[in-house]
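Colleague: Got a sequence here, can you model it:
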Amino acid sequence: MSIQDDIKHPFRSGNMLLQLIIVNIAIFLILNVFRLIFFFQGYTEINLDIVFFKRVLQWVAMPERFDEFIYKPWTVFTYMFIQVDVLHVFFNMLMLFLFGRLMQQLMGNGRILAIYIYGGLMGAVLTIIFHSTIPVLYLNSGPLLGASGSVMAIVIATITYAPNMRVMLLLFGEIRLIYLGLIYVVIDLVGISYADGTGHICHLGGALMGFLFVKAMQNGRDLSRAFNKGFYALTGLFKAKKPRMKVVKTSASVRTGHLQAGAGQSKAQVRERIDAILDKISKGGYESLSKEEKDYLYRYGKDV
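Modeller: Predicted structure coming up:
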C-alpha cells in the first residue's frame, strides 16, 4: 500500500480521528511552506515572523477581542486547525490520538468531530469574553491559534465518561483518568497569569464543553446528532448527484424496518430513517453504515 493509499484510507473508512490528525498536519505543512518561501526571499527572523503573520496567519488566526473578531468571524473555525510550531502540533496531535482512541472505544467514532468543533467554539467564546471584559487581558490580547481547546474537549469528555479508568504513565505508573483530568485543569487555571495565559483560557473552554457534552449524553441528549446531520448533509452537497430511482418497497423491507429511497415517503418517514442512521453513526461511526445508508444520508439528509 502506498503513502497516498494510507492517507486516503481514513477518509474512505470514515475514521474521524485519523482524518482530524491528517487535516491538522496537512495545514501545518502548508503554512510552513509559505513561511519557507518568505525565508528564501531574504527576510531575517524578526521580519520573517511579521511578514508571515501579516500575509498569512492574520487571515486564519482568531482575534481575541470582540471588536477585532467581528471583522474576521470565519476565524472562529479556522483557528482550531492552525499550528505553526513543531512542538505545538506534535503534542496536540499526540494528545488527540491517545484520548481520541479511547473515545472511539468508549463512545464511538461518530462523536469525535462534534466534540472537537464544539470544544474549539467554546474555547473561542470563553477567550473572547475574558479578553473583552477583563482589563489586564484586554491590553495583552493577541491572535488565538491551535487545536488545544478542541483537543482538551476530547480529553475531558473521555475522562468524564470513564473517570475511574486506569492508564499507565511513564515514570508515574498507573493512575485513574479523573486525576489526570484534574491535573490538566489545574495547570490551565494556574497558567492564566503567565505570558501564554491566553491559550489556557481556550483550553478551559474546551474542557468545559467536553464535560457538558458527556453530562448531556448521560441525561439522554446526544449533542452530536444535530451536528452530524448538518455535517453529512453539507458534505453531501459536494458529492455528485445520483439520479433518483423509483424503488418498490417489498415485504422484506417492511419486515426489516428499512425504508427504501424512492417515491411515496412522507417527511416523517424520511426524518425517522435519518435519525436512525445518525444513531448508528454515533454508536459505530460512519464506517458502520452500509452503502445504501450512506447514499440515503447524502440524498435526503439535507431535506429534514
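
Colleague: Show me the strands in the stretch 51-200 of the chain, by range?
Modeller: Using DSSP state E, counting those that start in this stretch, the strands found in the stretch 51-200 of the chain span residues 62-63, 143-144, 166-169, 173-176.

Colleague: what's the closest of the ones you listed to Val155?
Modeller: strand 166-169 (11.8 Å; Cβ to Cβ). Just so you know, the C-beta spots here come from the backbone N, C-alpha and C atoms, and that holds for glycine as well.

Colleague: In the sheet, which strands lie alongside that closest one, parallel or antiparallel?
Modeller: Sheet pairing for strand 166-169, assigned by DSSP bridges, gives strand 173-176 (antiparallel).

Colleague: pLDDT of the partner strand, averaged?
Modeller: If you average the pLDDT over strand 173-176, you get 87.

Colleague: hey, which of the strands of the stretch 51-200 of the chain is tucked in deepest?
Modeller: When these are scored by mean count of other Cβ atoms under 10 Å, the highest mean neighbour count falls to strand 62-63 (a mean of 24).

Colleague: chain center to that strand: distance?
Modeller: Mean-position distance between strand 62-63 and its chain equals 18 Å (Cα atoms, centre = their mean, to the nearest Å).

Colleague: Stretch 51-71 now?
Modeller: That offset, for stretch 51-71, works out to 21 Å (Cα atoms, centre = their mean).

Colleague: Spit out the contact partners of the spatially closest residue to Ala61 that is not a sequence neighbour.
Modeller: Computed as Cβ to Cβ, 6 or more residues apart in numbering, the closest residue to Ala61 that is not its neighbour in sequence is Pro143, at 3.6 Å. With contact taken as Cβ atoms under 8 Å, 6 or more residues apart in numbering, Pro143 is in contact with 53, 57-58, 61-64, 79.

Colleague: re earlier: how about the strands of the stretch 51-200 of the chain in JSON lines, adding distance to Ala226?
Modeller: Shown next, in JSON lines, are those (distance: least, Cβ to Cβ, whole Å):
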{"stretch": "strand 62-63", "distance to Ala226": "24"}
{"stretch": "strand 143-144", "distance to Ala226": "26"}
{"stretch": "strand 166-169", "distance to Ala226": "32"}
{"stretch": "strand 173-176", "distance to Ala226": "32"}
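
Colleague: Any idea which of the ones you listed gets closest to Phe90?
Modeller: Phe90 lies closest, by Cβ to Cβ, to one member of those: strand 166-169, at 18.0 Å.

Colleague: ok, residues contacting the closest one?
Modeller: Strand 166-169 is touched from outside by 174-177, 180, with contacts defined as Cβ under 8 Å, 6+ apart.

Colleague: Using TSV, lay out those residues together with distance to Phe11.
Modeller: Shown next, in TSV, are the contacts of strand 166-169 (distance: Cβ to Cβ, whole Å):
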residue	distance to Phe11
Glu174	36
Ile175	35
Arg176	35
Leu177	30
Leu180	31
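
Colleague: So which of the residues you listed is the closest to Met95?
Modeller: Nearest to Met95 among these is Leu180, at 11.0 Å by Cβ to Cβ.

Colleague: Setting the sequence-adjacent residues aside, check what's closest to the closest one.
Modeller: Per Cβ to Cβ, 6+ apart, closest to Leu180 is Ile159, 6.6 Å.

Colleague: could you list every residue that touches the one you found?
Modeller: With Cβ under 8 Å, 6+ apart, Ile159 has these contacts: 177-178, 180-181, 210.

Colleague: so which of those residues comes closest to Gln4?
Modeller: Gly210 (33.7 Å).

Colleague: how much space between the closest one and Ile27?
Modeller: The gap separating Gly210 from Ile27 is 23 Å, by Cβ to Cβ, to the nearest Å.
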